[in-house]
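*Asks:* the sequence and its predicted three-dimensional model are supplied below.
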Amino acid sequence: MVEFFEAVKQLLKKPMAIRFGTSGWRAVIADDFTFAGVRKVTEAICTHFKTSDRTGKSVVIGHDTRFLGERFAAECAGIVSSHRFR
C-alpha cells in the first residue's frame, strides 16, 4: 500500500504535503484537503490504474460523514468515470 501512495505522489508531478494514515489522506478540510487536491490525486490514481492495465475495471469510492464528504466523493466519481472506470 505504501508503494501505491508513493506512486500517486510521483504522478502528481508537483510536491504536495499529502500525509496518508491508516484511514487515508490526513488533512484539514479546506486547508490541506481541497477540491483541487482531490482532483489532482484522483487524476494520479486514474493514471496509475491505466498503466497497471486496470482500465474498464470497477473503482469503489467511499466517503465519511464529515463536512463536504459527499461532494468530495462526487467530484472524484466524475473524474473516475471520465477515465472510463466503472
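*Replies:* Now that the structure is in, tell me what you want to look at. Numbers count the residues shown, from 1 in each chain.

*Asks:* now residue 29: closest residue in space, sequence neighbours ignored.
*Replies:* With C-beta to C-beta, 6 or more residues apart in numbering as the criterion, residue 29 has its nearest non-adjacent residue at 5.7 Å, and that residue is residue 67. (Each C-beta comes from the backbone N, C-alpha and C, glycine too.)

*Asks:* quick check: the gap between that neighbour and residue 57.
*Replies:* Remark: distance between residue 67 and residue 57 (C-beta to C-beta, to the nearest Å) = 31 Å.

*Asks:* equivalent analysis for residue 23, please.
*Replies:* Plainly put, residue 23 is 24 Å away from residue 57 if you go by C-beta to C-beta.

*Asks:* which one's more surrounded, these two?
*Replies:* residue 57 (11 against 7; other C-beta atoms under 10 Å).

*Asks:* who's in contact with that one?
*Replies:* Neighbouring residues of residue 57 by C-beta atoms under 8 Å, 6 or more residues apart in numbering: 49, 85, 86.

*Asks:* list the buried residues in the host helix or strand of residue 38.
*Replies:* For residue 38, the element it lies in under DSSP states H and E is helix 35-51. Within helix 35-51, the residues that count as buried by 16 or more other C-beta atoms under 10 Å are 37, 38, 40, 41, 42, 43, 44, 45, 46, 49.

*Asks:* in TSV: these, plus pLDDT and distance to residue 18.
*Replies:* Formatted as TSV, those follow (pLDDT from 0 to 100; distance: C-beta to C-beta, whole Å):
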residue	pLDDT	distance to residue 18
37	88	7
38	92	11
40	88	9
41	89	7
42	94	12
43	93	14
44	89	10
45	89	12
46	91	16
49	89	18
